[in-house]
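Student: got a predicted model here, sequence first, then my questions.
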Amino acid sequence: MIKSYWNKGKKQKFITIFVSLILLIALFAFRDDYQPALLFLRKYIFIILLSLVVLYFGLKKFRSSESTRKRLGILGLLLVFFSLIYVVGWNLKLYDYMKTYNVFNDLNKVEINDLPLTQNERIQPLQNIFTMANESVGETKDVSLPHLVRVDDENKWTMAIQPSENYTFQQISDNTEEVFSVSSTTPFPRFSAENRIGVTFSIGESLKFSRNTYNAVVQRFNPWMLINYEPSDTFYMKNDSGEWVQVVSLIKWKGFFFPYPSFGGVMVIENGEHDFNDYLERIAIGKGTYIAPDEMKNYPYLTKQNTLAEKVSRLQAESLKFLGGFSDPLPWNMLTAVKIPDMPKDQNQQPYVTDFDFAGSESDAYSGLYHWFGLEPIGDERTSLSYSVFIPADGTDKLFYYDHAGKKQGYAGVSAMPQKVKESKKEIDWTANTPVEFRPYIKDIAGRKRMFFLGTISAISDTSAQQFDGAATPDLVLIDSEYRDVIWIDVKHPSTWDKEVYDQLGEAWRTSEGIGYYYQKEITDDDLQKMVDSLTVIPKANNTEEIEALKRRLDSLQALDENN
């Protein structure tokens with residue numbers, strides 16, 4: 001048809017060439033708009049090809065059949081085939097099952113036999129930080145979702161103050177001109193001038209058209225990346241020169257049969273206002289510098305950092321349900337199958353980004369930020385902690401897991417924590433408050449490592465746009481995952497938390513485990529000598545019981561001194 005139209009004359013040739021050029025330009029300039037369709041084809045390429053082959057041969061057989069009965073039979077078989085594809089593949093989630101199994105086979109899994117310690121505990125949960133940040137900006141501004149990153153060797157919540165999505169003109173004309181950088185370890189997060197960093201990004205998450213972060217990154221993709229990669233979470237951090245940058249985590253899709261997501265590196269977008277040349281570059285080839293996973297080690301600010309997309313880490317943690325074999329997660333097995341528990345009122349679901357100290361462990365894991373998951377048995381009524389999963393937040397190709405169930409520790413899991421907190425203080429109005437985000441707290445206390453969950457009590461509202469109401473000094477609780485006891489701790493004095501735990505649970509530990517005495521006042525040699533001197537001057541007559549009592553006391557004090 002095009003050939004016959006071309007041969008009609010010069011006018012038709014000109015129109016054909018002009019339309020072809022327009023289509024080529026549109027295909028090149030608007031690739032960020034049709035890229036989701038390419039990704040859809042990439043993700044379901046095997047199912048699509050299988051369906052097309054069956055449909056082709058089915059219709060071919062249909063057309064060559066002379067009998068009405070055969071034709072109806074072929075149509076019935078096609079209907080059964082596509083119904084099975086829908087029911088088994090989507091409704092029964094067989095496709096997701098196979099995708100997760102491919103993730104499991106691709107993982108570099110390392111079992112550890114010793115839990116790491118936590119360090120630099122963050123006080124506020126993510127949703128409280130998000131609420132307080134939104135309380136600190138004007139009507140025409142929005143705050144991007146907070147992320148915990150390392151800034152100047154300190155863990156901080158960072159988020160962009162960007163044009164509001166409710167004001168389209170600002171999204172088209174304005175830049176992102178400020179970034180919040182708030183310490184995660186303080187009970188008093190401040191969103192004032194010193195934590196409000198002036199930095200201009202002409203490319204942002206809420207901006208329109210080619211200045212949108214997603215569009216700019218996709219435009220930067222080469223043809224291969226356009227089919228296999230997609231942008232995910234956006235982080236704000238300092239580079240090795242001390243300049244603020246946007247770091248966009250990339251997801252790479254692997255495999256042909258049931259493709260699965262993996263960490264694909266990052267795209268780094270520098271700050272600064274763009275001139276006309278930058279505008280042309282952005283329109284033509286996008287913006288950003290691609291850093292592949294194997295090259296990230298050459299950039300110190302990207303190592304031990306938080307750059308991994310949570311979509312990827314969640315699927316990696318979930319894939320551990322196949323530790324018992326391919327068929328174990330099926331409904332008639334489930335001997336060791338596990339799940340990521342979802343908290344009903346906790347909007348920030350796992351993973352919880354946590355700072356772990358692996359120093360002294362037998363593994364080669366670094367000390368820094370990890371995505372932590374507490375996996376539990378599949379059943380809704382089962383809330384024990386089966387596995388602790390530590391996924392390096394910088395995308396390092398390793399997954400560390402600790403098998404609580406295999407060691408028969410009997411620890412309670414994350415989903416069991418809210419009810420225990422509510423039970424510990426029945427006088428609180430739990431319809432207006434809720435315990436949220438139970439992240440791990442692992443410390444050496446009373447002679448051995450002990451695992452707790454650190455939770456925050458947040459006020460909730462059914463009418464407010466922001467469900468969680470952040471407080472500068474929230475109530476905090478520690479729950480012993482082994483003894484199930486709840487300790488209400490002083491948020492303003494983190495250095496006293498371990499002693500507060502010991503004061504409440506010391507007697508129980510002593511009875512159950514036979515531990516010694518800890519956190520006692522140190523007994524000096526002078527004190528012991530004074531006790532000995534006092535014993536030597538006591539008359540022997542009629543004071544036998546008193547002497548024996550004092551001797552027992554001296555022996556106890558000497559034992560305390562040895563323990564300390």
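Tutor: Nice, I can see it.

Student: what about the closest residue to residue 147 other than its chain neighbours, which SS state?
Tutor: Take residue 147 and drop its neighbours on the chain: the residue closest to it by CB to CB, 6 or more residues apart in numbering is residue 235, 5.0 Å away. The way it works is simple: take the backbone N, C-alpha and C, and place the C-beta from them, glycine included. Here residue 235 is strand, with the state taken from DSSP: H, G, I helix; E, B strand; the rest coil.

Student: would you confirm that residue 235 contacts residue 309?
Tutor: No: in this structure, residue 235 is not within contact of residue 309 by CB atoms under 8 Å, at 10.1 Å.

Student: anything in contact with each of these two?
Tutor: Residues touching both residue 235 and residue 309 (CB atoms under 8 Å, 6 or more residues apart in numbering): residue 249.

Student: which one's more surrounded, these two?
Tutor: Neighbour count, other CB atoms under 10 Å: between residue 235 and residue 309, residue 309 has more, with 23 against 20.

Student: next up, the contacts around the more buried one.
Tutor: Contact partners of residue 309, counting by CB under 8 Å, 6+ apart, are 232, 233, 249, 250, 251, 261, 263.

Student: the fourth one: helix or strand, and which one exactly?
Tutor: So that's residue 250. strand 244-254 (DSSP states H and E).

Student: any idea how far that strand is from the chain center?
Tutor: 15 Å (CA atoms, centre = their mean, to the nearest Å).

Student: now the element after it, going C-ward?
Tutor: Counting by DSSP H and E, what follows strand 244-254 is strand 260-270.

Student: what helices or strands is that next one leaning on?
Tutor: Here strand 260-270 touches helix 94-106, helix 213-220, strand 244-254, strand 289-291, helix 310-318, going by 3 or more CB pairs under 8 Å, 6 or more residues apart in numbering; DSSP states H and E.

Student: sec struct for the closest residue to residue 143 other than its chain neighbours, please.
Tutor: Nearest residue to residue 143, sequence neighbours excluded (CB to CB, 6+ apart): residue 133, at 4.3 Å. At residue 133, secondary structure determined by three-state DSSP is helix.

Student: related to what we said a few turns ago, can you give me the angle the strand holding residue 250 makes with helix 213-220?
Tutor: Here the directions of strand 244-254 and helix 213-220 differ by 60 degrees (axes from the mean of the first three to the mean of the last three CA atoms, to 10 degrees).

Student: for strand 244-254, packing partners?
Tutor: Contacts defined by 3+ CB pairs under 8 Å, 6+ apart place strand 244-254 against helix 31-43, strand 196-201, helix 213-220, strand 229-238, strand 260-270.

Student: any chance you could list what contacts the fourth one?
Tutor: Strand 229-238 is contacted by residues 35, 39, 144-145, 147, 149-152, 158-160, 179, 181, 205, 213-214, 217-218, 221, 244-253, 264, 267, 301, 305-307, 309-312 when judged by CB under 8 Å, 6+ apart.

Student: what do you get if the cut-off is 7 Å, keeping everything else the same?
Tutor: 39, 144, 147, 149, 151-152, 158-160, 179, 205, 213-214, 217-218, 221, 244-252, 264, 301, 305-307, 309-311 (CB atoms under 7 Å, 6 or more residues apart in numbering).

Student: buried among those residues? Need that as a selection in ChimeraX.
Tutor: To isolate the buried members of these in ChimeraX, using 16 or more other CB atoms under 10 Å:
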select :39,144,147,149,151,158,159,160,179,205,213,214,217,218,221,244,245,246,247,248,249,250,251,252,264,301,305,306,307,309,310
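
Student: for residue 95, give me its contacts.
Tutor: By CB under 7 Å, 6+ apart, the contact set of residue 95 is 89, 258.

Student: swap in 8 Å and give it another go.
Tutor: Counting by CB under 8 Å, 6+ apart, residue 95 makes contact with 44, 47, 89, 258.

Student: ok, back up a step: closest to residue 324 out of the helices and strands packed on strand 260-270?
Tutor: When the helices and strands packed on strand 260-270 are compared by CB to CB, helix 94-106 sits nearest residue 324, at 11.1 Å.

Student: after the closest one, which helix or strand is next?
Tutor: Toward the C-terminal end, the helix or strand that comes next after helix 94-106 (DSSP H and E) is strand 109-111.

Student: packing partners of that following strand?
Tutor: Helices and strands touching strand 109-111, by 3+ CB pairs under 8 Å, 6+ apart, are strand 399-403.

Student: still on that earlier bit, among the contacts of residue 309, which two are most distant?
Tutor: Among the contacts of residue 309, the pair separated by the greatest distance (CB to CB) is 233 and 261, at 12.8 Å.

Student: neighbour count: these two, which is higher?
Tutor: Counted by other CB under 10 Å, residue 233 and residue 261 do not tie: residue 261 has more neighbours, with 22 against 18.

Student: residue 373 versus the nearest residue to the more buried one once chain neighbours are set aside, what's the distance?
Tutor: By the measure of CB to CB, 6+ apart, the closest residue to residue 261 outside its immediate chain neighbours is residue 251, 4.8 Å from it. With distances taken as CB to CB, to the nearest Å, residue 251 is found 18 Å from residue 373.

Student: one more: residue 122?
Tutor: Per CB to CB, residue 122 is found 17 Å from residue 373.

Student: distance check, residue 507 against residue 446.
Tutor: Relative to residue 446, residue 507 is positioned 11 Å away (CB to CB).

Student: nope, residue 219 is what I was after
Tutor: 57 Å.

Student: for the stretch 51-200 of the chain, what spans make up the strands?
Tutor: Along the stretch 51-200 of the chain, counting by DSSP state E, counting those that start in this stretch, strands occupy 109-111, 117-118, 141-143, 147-151, 154-163, 176-183, 196-201.

Student: next, format those as TSV and append distance to residue 126.
Tutor: Listed next are those as TSV, based on distance: least, CB to CB, whole Å:
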stretch	distance to residue 126
strand 109-111	28
strand 117-118	17
strand 141-143	12
strand 147-151	8
strand 154-163	8
strand 176-183	12
strand 196-201	19
